[in-house]
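S.K.: what shape does this take:
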Amino acid sequence: ETHNLIQRVGIQYHWKNRSFRDFQCFLDSMKSRKKKSIQKERKSFKDQNIKFVNKKGSLINEKDMVNLYKCYLNTIDRKWSRPYLNLEFFKGLIKTSILDKMLLVTAYRNKDFLGCSIHFVGSDTLYGRYWGCMEKIPYLHFELCYYQAIEYAIKNNLSRIEAGAQGEHKISRGYLPKLTFSNHWFDDERLQAPIRKFISKENQKIKDTAEYLNAYSPFSEDSN
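M.R.: Below is the predicted model of the structure:
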């Protein structure tokens with residue numbers, strides 16, 4: 001504000017580690033209906049003999065990156081979007097120092113590759129970024145992107161997971177809305193006033209929305 005920047009408010013969905021001992025401890029902190037729903041989702045994978053493998057750092061190889069790229073393209077196609085990342089980008093990741101921070105979660109049925117998600121490990125935060133699947137399987141998105149991430153965060157004493165923007169469905173999985181902030185500057189003075197007016201109204205709507213969504217927290221009152 002001192003430099004005449006316009007601050008814009010947004011919403012992301014974050015999971016917070018409340019000193020959970022394990023995933024069951026996390027489930028026990030939730031309302032009964034939400035807890036049973038997650039248990040049902042996870043049980044479905046055991047019934048289908050679907051297993052999940054976590055790889056970090058040097059364990060991730062070029063074949064893994066090719067699979068991730070295929071998943072990325074599949075997700076792009078389903079969303080009618082455009083692939084702004086190419087195969088060389090994904091293969092190039094394992095040739096950089098960022099490899100040590102990468103966590104790849106992969107789903108298999110027997111030896112058949114089903115899908116995967118990529119996360120990046122910070123000092124106290126796990127950042128979820130891309131995911132995709134080769135076969136449409138109910139709840140697979142939640143397991144690859146949320147539940148496996150929660151288990152990893154608990155085991156490695158990470159304080160939170162940032163799952164990015166969009167998706168109110170994340171709330172029932174323990175990811176609550178958090179306000180984010182960005183600052184913007186426009187060189188054209190004619191744009192300053194109308195944009196500032198719009199963002200001011202939008203910011204209040206966003207804050208009201210976050211307050212409204214927080215009322216749908218899946219956690220029991222005793223754990224809040």
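S.K.: rest of the way, CA atoms for contacts and neighbours
M.R.: Noted.
S.K.: from the contact counts, what lies against the helix or strand encompassing Glu202?
M.R.: Per DSSP states H and E: Glu202 is located in helix 189-214. Counting contacts by 3 or more CA pairs under 8 Å, 6 or more residues apart in numbering; DSSP states H and E, helix 189-214 packs against strand 6-16, strand 176-184.
S.K.: most distant residue from the middle of this structure?
M.R.: Relative to the mean C-alpha coordinate of the chain, counting by CA atoms, centre = their mean, the farthest residue is Arg190 (37.9 Å).
S.K.: let me see the confidence value for that one.
M.R.: pLDDT for Arg190: 88.
S.K.: then Asp22?
M.R.: What the model reports as pLDDT for Asp22 is 97.
S.K.: and it, how many neighbours?
M.R.: Applying other CA atoms under 10 Å, we find 14 other residues in the vicinity of Asp22.
S.K.: which SSE is the nearest residue to it once chain neighbours are set aside in?
M.R.: Closest residue to Asp22 apart from its sequence neighbours, by CA to CA, 6 or more residues apart in numbering: Ile154 at 6.2 Å. Element membership for Ile154, per DSSP H and E: helix 148-155.
S.K.: list the contacts of the helix or strand following that helix.
M.R.: Sequence-wise, the next helix or strand downstream of helix 148-155 (DSSP H and E) is strand 160-162. Outside strand 160-162, the residues that touch it by CA atoms under 8 Å, 6 or more residues apart in numbering are 12-17, 124-128, 149-150, 153.
S.K.: distance from strand 160-162 to the middle of the chain?
M.R.: Put simply, strand 160-162 sits 8 Å off its chain's centre (CA atoms, centre = their mean, to the nearest Å).
S.K.: again, but for stretch 41-51
M.R.: Relative to the mean C-alpha coordinate of its chain, stretch 41-51 is positioned 21 Å out (CA atoms, centre = their mean).
S.K.: ok, stretch 189-209 next?
M.R.: How far stretch 189-209 lies from its chain's middle: 27 Å, per CA atoms, centre = their mean.
S.K.: list the buried residues in that stretch.
M.R.: Residues of stretch 189-209 classed as buried: 196, 203, 206-207 (neighbour count, 16 or more other CA atoms under 10 Å).
S.K.: same question, stretch 60-70
M.R.: Within stretch 60-70, the residues scored as buried using 16+ other CA under 10 Å are 60, 64-65, 67-70.
S.K.: reformat those residues as JSON lines; add distance to Ser44 and pLDDT.
M.R.: Below are these laid out as JSON lines (distance: CA to CA, whole Å; pLDDT from 0 to 100):
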{"residue": "Ile60", "distance to Ser44": "27", "pLDDT": "97"}
{"residue": "Asp64", "distance to Ser44": "25", "pLDDT": "97"}
{"residue": "Met65", "distance to Ser44": "27", "pLDDT": "97"}
{"residue": "Asn67", "distance to Ser44": "24", "pLDDT": "97"}
{"residue": "Leu68", "distance to Ser44": "23", "pLDDT": "97"}
{"residue": "Tyr69", "distance to Ser44": "26", "pLDDT": "96"}
{"residue": "Lys70", "distance to Ser44": "25", "pLDDT": "95"}
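S.K.: of all residues in this structure, which one is nearest the centre?
M.R.: What sits nearest the mean C-alpha location of the chain, by CA atoms, centre = their mean, is Ala163, with 2.4 Å.
S.K.: now that one: phi and psi?
M.R.: Per-residue torsions, Ala163: phi -100, psi 10 (degrees, to the nearest 10).
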